[in-house]
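Engineer: give the three-dimensional model of this entry:
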Amino acid sequence: MKHVQPNLLRHAIAMLLLTVLFAPAALAQGADGGELGETTYMTVCLACHQMTGLGLPSVYPPLVEHAPTLLDYEGYREYIVKLTLYGIQGEITVLGNPYNQLMTAQEAVLNNEQLAAVTNYVMHAWGNDALLPEDYEPFTPEEFEAYRGLGLTAADVYALRQELGIGAAE
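Structural biologist: Numbers count the residues shown, from 1 in each chain. Predicted structure coming up:
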């Protein structure tokens, strides 16, 4: 067995530690949310929106064929960030079906990297990526940081949805 120089060994250990420490942040940067996005979805979002992203009929809305279409309109990207941070409560229409359940706020539950990763995961999962606008840019932790701490309520996000006319044409 060949002798390994101590400096080389220390360098290899340092690189391994850096990889382990910064891997979650790197995963969040992937356009599709990567492992962090999928893990966050399976841990936090799955109970309501289900593994398939189809939600529960008449209870929790689907993310499939709906989430990426929100990006087609001005102001909707900000709405998605606020929706994820602060939740929503009020009757909404998604793909022609009414829903009226509380979506809980994630501001105190998830950090900005997790929020960006899970949002990107949803935008790419279940064939949603085929519906993304051509100029789609992945969500970033900085976008969530910019809207964190505003003190919005689920009712405020519902009002924003109504103001933007989301669901009105569905």
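Engineer: CA atoms for contacts and neighbours, from now on please.
Structural biologist: Noted.
Engineer: quick one, helices of this protein?
Structural biologist: Listed in chain order, the helices of the chain (DSSP state H) span 6-28, 34-40, 46-49, 76-86, 112-124, 141-147, 154-164.
Engineer: and the shortest one, what's buried?
Structural biologist: Going back to what we said before, that points to helix 46-49. Buried residues in helix 46-49, counted by 16 or more other Cα atoms under 10 Å: 48-49.
Engineer: can I get that helix in CSV, CA atoms only?
Structural biologist: Taking C-alpha atoms only, helix 46-49 is exported to CSV below (Å, rounded to 0.1, in the frame of the first residue of the first chain):
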residue,chain,number,x,y,z
LEU,A,46,-47.2,15.3,0.5
ALA,A,47,-49.9,15.1,3.1
CYS,A,48,-52.1,17.5,1.3
HIS,A,49,-51.0,17.5,-2.3
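Engineer: so what's H124 up against?
Structural biologist: Going by Cα atoms under 8 Å, 6 or more residues apart in numbering, H124 touches 32, 130.
Engineer: can you pull the pLDDT of it?
Structural biologist: For H124, the pLDDT comes out at 96.
Engineer: and for P61?
Structural biologist: Note on P61: pLDDT of 96.
Engineer: then I166?
Structural biologist: The model reports I166 with a pLDDT of 84.
Engineer: what's around it, how many residues?
Structural biologist: By other Cα atoms under 10 Å, the residues close to I166 number 18.
Engineer: quick check: it vs Y79, distance?
Structural biologist: Note on I166: its distance to Y79, by Cα to Cα, to the nearest Å, is 10 Å.
Engineer: who's in contact with the most centrally placed residue in the chain?
Structural biologist: Geometric centre of the chain, nearest residue: T119, 1.7 Å, by Cα atoms, centre = their mean. For T119, the contacting residues are 33, 37, 139, by Cα under 8 Å, 6+ apart.
Engineer: now do the contacts for the first one.
Structural biologist: It stands for G33. Neighbours of G33 in contact, by Cα under 8 Å, 6+ apart: 27, 116-121.
Engineer: good, wrapping up.
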